[in-house]
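Colleague: the following block contains a protein sequence and its predicted model.
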Amino acid sequence: MSPSPEPSASPETAEPSSVGEGSVLTIDELSAKAGTTVRTTRYYASLGLIPPPERRGRVAYYGDVHLARLEMVRALQDHGFTLQAIERYVTSLPPEATTEELALQRAMLTSWTTQPPERLTRRQLDKRAGRVLSDAQLDVLLELQAVVLDDDGTHFLVHPGLPLALEMFDLDLPLESMVQATAAIDRHMRSLADELTEILRTQVVRPFRAEQHTPEEAARMERTVSSLRRVTLEAVVVGFQRAANEVIQRSLRRR
């Protein structure tokens, strides 16, 4: 008489077997690697943000592609993207996308800011600003996009540029001039961002995707894209300084 199988608390937490190439993970191990909870992972799965697991009998297993998609979801959410926006993007990815392709996509899409926006009430926003903001000042902050009204209409998403916007309130400048200056900066920065992104896409990313690469090469490209962000930001600052100095020199020559 054969022995009865040992009971298992959950099919998804059973011991994995090392079958095939790549990682073979239970939902507990998948969640731990991605830095999330099992409950959150199941919730993401219910939204279709990660593909269904491979089932072997009553046991559910996850692999490297599941981990790559979950890491993308986590990275995008940590940088301020809503679940709705993430869901629209992730569901548009081809099912056959490899872990290397997903890692490159994550590097391209992750926000350039170093911290996600804070979600605050009006009272919390006043406290964060260190002052009671007037309605006029709040309107300016909204126009400057230092804060954005959340979808619920009662909270504000506070971006890293808030301290700079608040500092301008302390200068002897008309509020309208601040709005106009910010609009000019935003207009030119959008155009510059579009052009630089197109160069990156056509000159770097597209040739990279045209060839097969090892996971190590894909990871190196992901680091390269991250480094390009720092270099680009520094180049933008230097470029503006050079252009501003040229304006000063032209003005002095005219005088």
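Modeller: Good, I have the coordinates. Residues are numbered from 1 along each chain as shown.
Colleague: distance from the helix or strand containing residue 190 to the middle of the chain?
Modeller: According to DSSP states H and E, residue 190 maps onto helix 175-200. Relative to its parent chain, helix 175-200 has a centroid offset of 20 Å by CA atoms, centre = their mean, to the nearest Å.
Colleague: kindly report the same for stretch 241-255.
Modeller: 38 Å.
Colleague: Three-state assignment for residue 148, please.
Modeller: Under DSSP: H, G, I helix; E, B strand; the rest coil, residue 148 falls in the strand class.
Colleague: check contacts around it.
Modeller: Residue 148 makes contacts with 117, 142, 156-157, 159, as judged by CB atoms under 8 Å, 6 or more residues apart in numbering. Using the backbone N, CA and C atoms, a C-beta is placed for each residue, glycine as well.
Colleague: I'd like to know which of those residues are buried.
Modeller: 117, 156-157, 159 (16 or more other CB atoms under 10 Å).
Colleague: how many neighbours does residue 30 have?
Modeller: If you count neighbours by other CB atoms under 10 Å, residue 30 ends up with 24.
Colleague: that one and residue 70 touch, don't they?
Modeller: Yes: here residue 30 reaches residue 70: they are 6.7 Å apart, a contact under CB atoms under 8 Å.
Colleague: what segments of the stretch 1-150 of the chain are strands?
Modeller: 54-56, 59-61, 118-120, 147-149 (DSSP state E, counting those that start in this stretch).
Colleague: please identify the most buried of those.
Modeller: Greatest average neighbour count among the strands of the stretch 1-150 of the chain goes to strand 59-61 (a mean of 20), per mean count of other CB atoms under 10 Å.
Colleague: could you give the mean pLDDT of that one?
Modeller: For strand 59-61, mean pLDDT rounds to 84.
Colleague: name the helices or strands packed onto it?
Modeller: strand 54-56 (3 or more CB pairs under 8 Å, 6 or more residues apart in numbering; DSSP states H and E).
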